[in-house]
Each structure stands twice: as structure tokens, then as C-alpha cells.
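Need coordinates for the below:
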Amino acid sequence: MIPPVVVYLTDFCQTLAGQPSPFWQGNYGLAVEHNPLLKPVLAHGPWVFTGVVACWLMIQCLLLLRLPSRWAFVIAFVMTLFHAIGASSWLVRNSSWGYLWAGLFLLITSETTRTCWRHWLRVEIDHLNEKVSKRL
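Just a heads-up that it's a prediction; the model follows:
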């Protein structure tokens, strides 16, 4: 559950950091967000956006903890992929070295994700082996 949560929070922080100065002076209509579902939320201000993001993160974490592992794996993968793309797009936009930072971020994200999912797969295989050995 570490990669999707960390990448989600990185995307959230990058989104707030990418807002123009007038946004922070109260002109929330100038919010910059390419997700059509979140732009209206961000246009209500950073606190509303933060609240919605926190609630959505809690829902996703509950799903990851409660769903069968196969479904949790799919949700974690999609969550990580989409928010990694979102976070890296902010890095490209906000820095002259943006492509380098985005590439580095994606590399670190992919390696961390691969390591965590390999561990998850080992745990799943061990769990299945225990079930099989109990039946024998």
C-alpha cells in the first residue's frame, strides 16, 4: 500500500504547488488542474480540495485493505499509475529540469512499486502454499 499512497500524496502536493499566485490570494477560479473531476473542487479553494483528497485517499485505502488481494492489487496499480503520471506532469511544467525530475520520479516509483509487489506476490504464494499443505 506504500507506493499508491506516496504517489497519491506527491500528486496532491504537486497540484497545490503548481497553482498560480492569484489562486493563493483567493482567486480560486484560476485553479490549474487537468483532471475534469477535480478542477471544480480545486476552484472552491485549497481547503476544500484537501478535504476531498483526504476523504478519497481514505476510501481508497479502505478498499485496498478490505477487498480480496487480486482486486486490491488492481486498484493499487491503477492508483499508482495515474497519480505517477499526474505528479510527473506537474514536475515537467514547474521546472526547467522538469523532464529529468519527472523521469527520476517515474524510475523511483517503478522500482519501489516493483519491490513492494514482489513482496506481496511472495506473501500470496506462501499463503496459498499454506492452504494447500493444510488440505494434504
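
what about residue 62, how many neighbours?
For residue 62, the neighbour count with other C-beta atoms under 10 Å is 10. Every residue, glycine included, has its C-beta placed from N, CA and C.

In terms of secondary structure, what does the helix of greatest length in the chain contact?
Secondary structure of the chain per DSSP state H: the longest helix is helix 98-135. Applying 3 or more C-beta pairs under 8 Å, 6 or more residues apart in numbering; DSSP states H and E, we find helix 98-135 packed against helix 2-17, helix 69-94.

got the ones you listed as TSV, with mean neighbour count columns?
Conversion of those to TSV gives the following (neighbours: other C-beta atoms under 10 Å):
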stretch	mean neighbour count
helix 2-17	19
helix 69-94	17
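
Which among the ones you listed is found nearest to residue 51?
Counting by C-beta to C-beta, residue 51 lies closest to helix 2-17 out of the helices and strands packed on helix 98-135; the figure is 11.6 Å.

Would you indicate which residues of the following helix or strand past that closest one are buried?
Counting by DSSP states H and E, the next helix or strand C-terminal to helix 2-17 is helix 21-24. With burial defined by 16 or more other C-beta atoms under 10 Å, the residues of helix 21-24 counted as buried are residue 23.

what do you get for stretch 16-36?
Result for stretch 16-36 [16+ other C-beta under 10 Å]: buried residues 18, 19, 23, 28, 31, 33.

how near is the closest residue to residue 39 other than its chain neighbours to residue 61?
Leaving aside its chain neighbours, residue 39 sits nearest to residue 33 (4.2 Å; criterion: C-beta to C-beta, 6 or more residues apart in numbering). Applying C-beta to C-beta, to the nearest Å, the value for residue 33 to residue 61 is 22 Å.

low-confidence ranges in the protein?
1, 136 (pLDDT under 70).
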